[in-house]
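Participant: sequence plus predicted model, see below.
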Amino acid sequence: MSLRSIALATLLCALPAAAQSTEPAPERMKSLLEQGRDRWRAEAQLASDTSVAADLKARAERMDKVLAQASELRVEVLAGEIVERDGKPALQPHPWRLGLEYFYPASTVKLLGAVAALQRMRELQQKGAPGLKLDTPLAFYGSRRSGAMLTNDPDNLGDGKLTLRHLVRESLIVSDNESFNRLFEFTGHDRLNESMWRAGLASTRISHRLSVKMSIQENRRTPTIELRMSDGVVRLGEETGKLELANLEDREDVLIGKGRMEGAELVPGPMSFLVKNRVTLRDLQVCLARVVRPEIPFEGEPFDLGDEERALLLEALSQYPGDSANPRWDRAKYPDDYVKFFLPGVMRVISKEHVRIYNKVGLAYGFVTDTAYIVDTRTQRGFFLAATIYANSDGILDDDKYDYDSFAFPWFADLGELCAREFLAAK
């Protein structure tokens, strides 16, 4: 049986129940949201400060909207509580509306791409390139027509070369699209998906690069790449993937919006996401858990990551852009909550100096997603939290008029607050 067949069979055999270590408790999360809304509304009535009262009222109204319009907003929430079972850690899921609608994962797939690329590096080390390192210079050939070659990374303050270390850091710390595209090419279209399927993430369909217009066939093709090691150059030949990755299981749910902009022209009708990337919220959480808490058991193979590769991922997933020494990013342009949507709400519960968040967000076409592991560094108590919402009230895609700042980001902060109070409180 092929890896593709195995993945589909796994998916049809109800992976959501198998991927976690314990049975889900679906009512707890909805109750948590309702109780939070009611508490904020009651506190707003008692608040003597008008600005505090207004803020509390706004939180309650946002949660009211989410609860009342959950299907239209395509909301999903999945908290993962770490519990002990037979003397070992396990993940107790607390889902709400999990898997009911398709959502576009956007940049959340960059974590999958980074993991797959690091596993590809370890595979190459064992098969013909033992000198390959995280800091080995890489060269990516251009198209056959242009003949150009990409070798430099101006953000690398060391030697200015393209390396796996910097591609991973740029992809995860500030969610750089071009860096992800290079990781996609280094790994290969089929190899990337198959590596996730082996790890039990059967919903994975990473079929295209990000923020570049290419046909399905062009996205399957990856260029020739040179590994410029100190003991010689190894050339990886061009590859063309063969996997068909259409979202057939979501066929009736991937027509989104009522129109889209193409330049200055409005094209009426929904946009099809049939051949867009896909991965479920549950599998995004399992992927993160396999990196940050590898001792927690899941179905499928563990990721093949050494200590150095895992340390790179842990730092890149948790580091604020302004704290990075190489590359450097201006904190004024990249504030600490730039790609940590839960952080403002968690900080209402725990001071920022005692919070560490390992996460990856996605933001595109009105879809907002964050999957995180949130830790109180004083107690080392942590929990997983993943959520997605569709914030596009006018129904027009690619018009840059989404409800990110006015609705989605504040709601993610509210959710972060409620879950931090629930799962990080002293027991």
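Facilitator: It's in.
Participant: point me to the residue sitting farthest from the middle of this structure.
Facilitator: In the chain, the residue that sits farthest from the middle, by C-alpha atoms, centre = their mean, is S48; the gap is 40.2 Å.
Participant: state the phi and psi torsions of it.
Facilitator: The phi and psi values for S48, taken as degrees, to the nearest 10, are phi -90, psi -30.
Participant: could you check the pLDDT of it?
Facilitator: The score at S48 is 96. That number is its pLDDT.
Participant: R331 now?
Facilitator: The model's pLDDT for R331 equals 97.
Participant: that one touches S324, doesn't it?
Facilitator: No: if you go by C-beta atoms under 8 Å, R331 and S324 don't touch, sitting 10.1 Å apart. Placement of C-beta: from N, CA and C, glycine included.
Participant: neighbour-wise, which of those two wins?
Facilitator: S324 (18 against 13; other C-beta atoms under 10 Å).
Participant: distance of the more buried one relative to V174?
Facilitator: Separation of S324 from V174 (C-beta to C-beta, to the nearest Å): 9 Å.
Participant: just L118 next, same as before
Facilitator: To V174, L118 is 19 Å away according to C-beta to C-beta.
Participant: these two: who's more crowded?
Facilitator: Between L118 and V174, L118 has the larger neighbour count (other C-beta under 10 Å), namely 27 against 18.
Participant: which residues does the more buried one contact?
Facilitator: Shown in contact with L118 (C-beta atoms under 8 Å, 6 or more residues apart in numbering): L164, V168, L305, E309, L312, L313.
Participant: where's it, which helix or strand?
Facilitator: Element membership for L118 (DSSP states H and E) is helix 109-126.
Participant: just the mean pLDDT for that helix, thanks.
Facilitator: 98.
Participant: same thing with stretch 60-75?
Facilitator: Mean per-residue pLDDT for stretch 60-75: 98.
Participant: where does pLDDT dip in the stretch 101-250 of the chain?
Facilitator: 143-147 (pLDDT under 70).
Participant: my read: L210 touches F180, true?
Facilitator: Yes: using C-beta under 8 Å, L210 makes contact with F180 at a distance of 5.7 Å.
Participant: who's more crowded, those two?
Facilitator: Under the criterion of other C-beta under 10 Å, the comparison of L210 against F180 puts F180 first, with 27 against 22.
Participant: on the three-state scheme, the more buried one is what?
Facilitator: Secondary structure assignment for F180 (DSSP: H, G, I helix; E, B strand; the rest coil): helix.
Participant: make 2 the starting number, not 1.
Facilitator: In the new numbering, first residue 2, that becomes F181.
Participant: isn't it up against K111?
Facilitator: Yes: using C-beta under 8 Å, F181 is in contact with K111, at 4.6 Å.
Participant: find residues that contact each of the two.
Facilitator: S172.
Participant: follow-up on the earlier one: need the next SSE after the helix holding L119, C-terminal direction.
Facilitator: Trace forward from helix 110-127 with DSSP H and E and the next one is strand 139-142.
Participant: helices or strands up against that following strand?
Facilitator: Contact partners of strand 139-142 among helices and strands, from 3 or more C-beta pairs under 8 Å, 6 or more residues apart in numbering; DSSP states H and E: strand 150-151, helix 178-188, strand 226-230.
Participant: let's see it at 6 Å
Facilitator: When contacts are defined as 3 or more C-beta pairs under 6 Å, 6 or more residues apart in numbering; DSSP states H and E, strand 139-142 sits against strand 150-151.
Participant: in its sheet, what does the strand it packs on sit against?
Facilitator: According to DSSP bridges, strand 150-151 has the following sheet partners: strand 139-142 (antiparallel).
Participant: give me the contacts around the strand it pairs with.
Facilitator: Contacting residues not belonging to strand 139-142 are listed as M150, L151, T152, L163, P224, T225, I226, E227 [C-beta atoms under 6 Å, 6 or more residues apart in numbering].
Participant: how far does stretch 152-165 sit from its chain's centre?
Facilitator: 25 Å (C-alpha atoms, centre = their mean, to the nearest Å).
Participant: okay, buried residues for that stretch please.
Facilitator: Buried residues in stretch 152-165, counting neighbours by 16 or more other C-beta atoms under 10 Å, are found at D154, D156, N157, K162, L163, T164, L165.
Participant: need those residues in CSV (columns: distance to E296 and secondary structure).
Facilitator: Below are those laid out as CSV (distance: C-beta to C-beta, whole Å; DSSP: H, G, I helix; E, B strand; the rest coil):
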residue, distance to E296, secondary structure
D154, 34, coil
D156, 34, coil
N157, 33, coil
K162, 35, strand
L163, 34, coil
T164, 29, coil
L165, 25, helix
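Participant: of these, closest to R349?
Facilitator: Lowest distance from R349 to these (C-beta to C-beta) belongs to D156, with 33.7 Å.
Participant: so I358 makes contact with I375?
Facilitator: Yes: applying C-beta atoms under 6 Å, one finds I358 in contact with I375, separated by 5.3 Å.
Participant: higher neighbour count, these two?
Facilitator: Set side by side, I358 and I375 show more neighbours around I375, with 26 against 23, by other C-beta under 10 Å.
Participant: that's a strand at that one, yeah?
Facilitator: Yes: I375 forms part of a strand when assessed by three-state DSSP.
Participant: any idea what it is bridged to?
Facilitator: Residues in a beta bridge with I375, per DSSP bridges, are I358, F384.
Participant: how close does it sit to R349?
Facilitator: 13 Å.
Participant: repeat for W97
Facilitator: W97 is 21 Å from R349, by C-beta to C-beta.
Participant: quick check on these two: which one has the bigger neighbour count.
Facilitator: Neighbours per residue (other C-beta under 10 Å) separate W97 from R349, with W97 holding more: 23 against 13.
Participant: which of the helices or strands spans R379?
Facilitator: Using DSSP H and E, no helix or strand contains R379.
Participant: and the pLDDT for the closest residue to it other than its chain neighbours?
Facilitator: In this structure, R379 finds its nearest non-sequential neighbour in H355, 5.2 Å apart by C-beta to C-beta, 6 or more residues apart in numbering. pLDDT recorded at H355 is 97.
Participant: which residues touch H355?
Facilitator: By C-beta under 6 Å, 6+ apart, the residues touching H355 are D377, T378, R379.
Participant: can I assume the second one is in contact with V356?
Facilitator: Okay, so that is T378. No: T378 lies out of contact with V356 (C-beta under 6 Å); the separation is 7.1 Å.
Participant: pick out whichever of these two has more residues nearby.
Facilitator: V356 (21 against 12).
Participant: with adjacent residues omitted, what lies nearest to the residue nearest to the spatial centre of the chain?
Facilitator: By C-alpha atoms, centre = their mean, the chain has its centre lying nearest to T109, at 2.1 Å. Nearest residue to T109, sequence neighbours excluded (C-beta to C-beta, 6+ apart): G363, at 3.9 Å.
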